[in-house]
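K.L.:
take a look and give me a structure for this.
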Amino acid sequence: MADLEPTPDEARAIRALKRIAKTWPKSLWLFSANGTLSVMRADEDGGHIELGFGEGIDPAYALATIDIPNDGGDW
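P.N.:
Sure, this is the predicted structure:
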């Protein structure tokens, strides 16, 4: 990781996300695809609801879209 120090605004945003993570309900999860960050409803066991085997996540379970730049890719 690069030796970076966040600006005061960045540090506040990071702290806010960490506070949210502490109280995040198990019934929700975040899904990132095509630069869209969606809040998704989980199934009864906390799993991701899919369209079918290998067909992807069911968009009908998206509860909200959050306007935060993101990337659904891997490192």
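K.L.:
so where does the residue most central in space within the chain fall, helix or strand?
P.N.:
The structure's the chain has its C-alpha centroid closest to residue 30; by C-alpha atoms, centre = their mean the separation is 2.6 Å. According to DSSP states H and E, residue 30 maps onto strand 28-33.
K.L.:
which parts of stretch 48-63 are buried?
P.N.:
For stretch 48-63, a neighbour-count test (16 or more other C-beta atoms under 10 Å) marks 57, 61 as buried. Backbone N, C-alpha and C define where each C-beta goes, glycine included.
K.L.:
how close does residue 73 sit to residue 31?
P.N.:
13 Å (C-beta to C-beta, to the nearest Å).
K.L.:
can you count the residues close to residue 38?
P.N.:
Around residue 38 there are 18 other residues, counting by other C-beta atoms under 10 Å.
K.L.:
let me see the mean pLDDT of the host helix or strand of it.
P.N.:
For residue 38, the host element (DSSP H and E) is strand 36-41. For strand 36-41, the mean per-residue pLDDT is 96.
K.L.:
that strand - contacts with which helices or strands?
P.N.:
Under the contact definition 3 or more C-beta pairs under 8 Å, 6 or more residues apart in numbering; DSSP states H and E, strand 36-41 sits against strand 28-33, strand 62-66.
K.L.:
taking strand 62-66 as reference, get the angle to the longest one.
P.N.:
Between strand 28-33 and strand 62-66, the angle formed by their directions is 60 degrees, by axes from the mean of the first three to the mean of the last three C-alpha atoms, to 10 degrees.
K.L.:
quick one: strands adjacent to strand 28-33?
P.N.:
Its sheet considered, strand 28-33 pairs with strand 36-41 (antiparallel) by DSSP bridges.
K.L.:
please identify the buried residues of the partner strand?
P.N.:
So, applying 16+ other C-beta under 10 Å, buried residues of strand 36-41: 37-38, 40.
K.L.:
what distance do you get for residue 18 to residue 11?
P.N.:
Distance from residue 18 to residue 11, by C-beta to C-beta: 11 Å.
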